[in-house]
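**Student:** structure for the following, please:
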Amino acid sequence: MTRLPRLTPHELDPAQRVLYDTIAGGPRANGPQFFSLTDGEGRLNGPFNAMLHAPAVGSALQELGSALRYRSTLSDRVRETAVLIVAAHWDCAFERYAHEPIGRAVGLCDAQLVAIRSGTAPELSDPAEAAAADLVTALVARGDVDDALFGRAVSLNGMEAVVELTTLVGYYATLALQLRVFRVGQPGDPA
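**Tutor:** As a prediction, this is how the structure comes out:
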């Protein structure tokens, strides 16, 4: 059971309403929907409800997530592989629920998804994707990378991508922590 009240749109104060409208009406709401942003009562699903409970921080957090998802230099496959590696490390059911369908849509096969879910390295034929996955795996496992891995990731992906990957790991780890602490489940779980 969640530790946070699930806020309906009519319960929101002005700052919460601005954030709600940004999330529910922004890029996450456009294009293909792999999970519903809201339930039947208009309450935000997943980590987004928690953001409403601290709208100043929630606004910054959602903007960072939006930048990582929609304005990043990372390829869709690298981004989704990285998100799912973080989800596996933190055993975050909601992140898996939300991002495995996106991973499939961007070309990750079932064998790769199963490997990531089980905490093993997925077989990736693209050297840049493999270097990015190795970087993320090292970050979640050790919180750092050695010089050889860092150099390989930069040479194959570029410094901007490595900065974005380290930021992505921190962002999705933050969401996973919030989802765990606030006992946020998947849509359809008991509120």
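
**Student:** remind me which residues of this structure are low pLDDT?
**Tutor:** Applying pLDDT under 70 to the chain flags residues 31, 186-191.

**Student:** how about the helices in it?
**Tutor:** Taking DSSP state H, the helices of the chain run over residues 14-25, 47-52, 55-70, 76-90, 93-105, 110-117, 127-142, 147-157, 159-181.

**Student:** which one of those lies closest to residue 7?
**Tutor:** With Cβ to Cβ as the criterion, residue 7 lies closest to helix 47-52 of those, at 5.3 Å. C-beta here means a position set from N, CA and C on the backbone, and glycine is covered the same way.

**Student:** let me have the helices of the chain in JSON lines, adding mean neighbour count as columns.
**Tutor:** Converted to JSON lines, the helices of the chain look like this (neighbours: other Cβ atoms under 10 Å):
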{"stretch": "helix 14-25", "mean neighbour count": "17"}
{"stretch": "helix 47-52", "mean neighbour count": "24"}
{"stretch": "helix 55-70", "mean neighbour count": "16"}
{"stretch": "helix 76-90", "mean neighbour count": "24"}
{"stretch": "helix 93-105", "mean neighbour count": "19"}
{"stretch": "helix 110-117", "mean neighbour count": "17"}
{"stretch": "helix 127-142", "mean neighbour count": "20"}
{"stretch": "helix 147-157", "mean neighbour count": "15"}
{"stretch": "helix 159-181", "mean neighbour count": "18"}
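
**Student:** output the ones you listed as JSON lines; include the columns distance to residue 41.
**Tutor:** What follows is these, written out as JSON lines (distance: least, Cβ to Cβ, whole Å):
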{"stretch": "helix 14-25", "distance to residue 41": "13"}
{"stretch": "helix 47-52", "distance to residue 41": "12"}
{"stretch": "helix 55-70", "distance to residue 41": "19"}
{"stretch": "helix 76-90", "distance to residue 41": "27"}
{"stretch": "helix 93-105", "distance to residue 41": "19"}
{"stretch": "helix 110-117", "distance to residue 41": "31"}
{"stretch": "helix 127-142", "distance to residue 41": "35"}
{"stretch": "helix 147-157", "distance to residue 41": "42"}
{"stretch": "helix 159-181", "distance to residue 41": "20"}
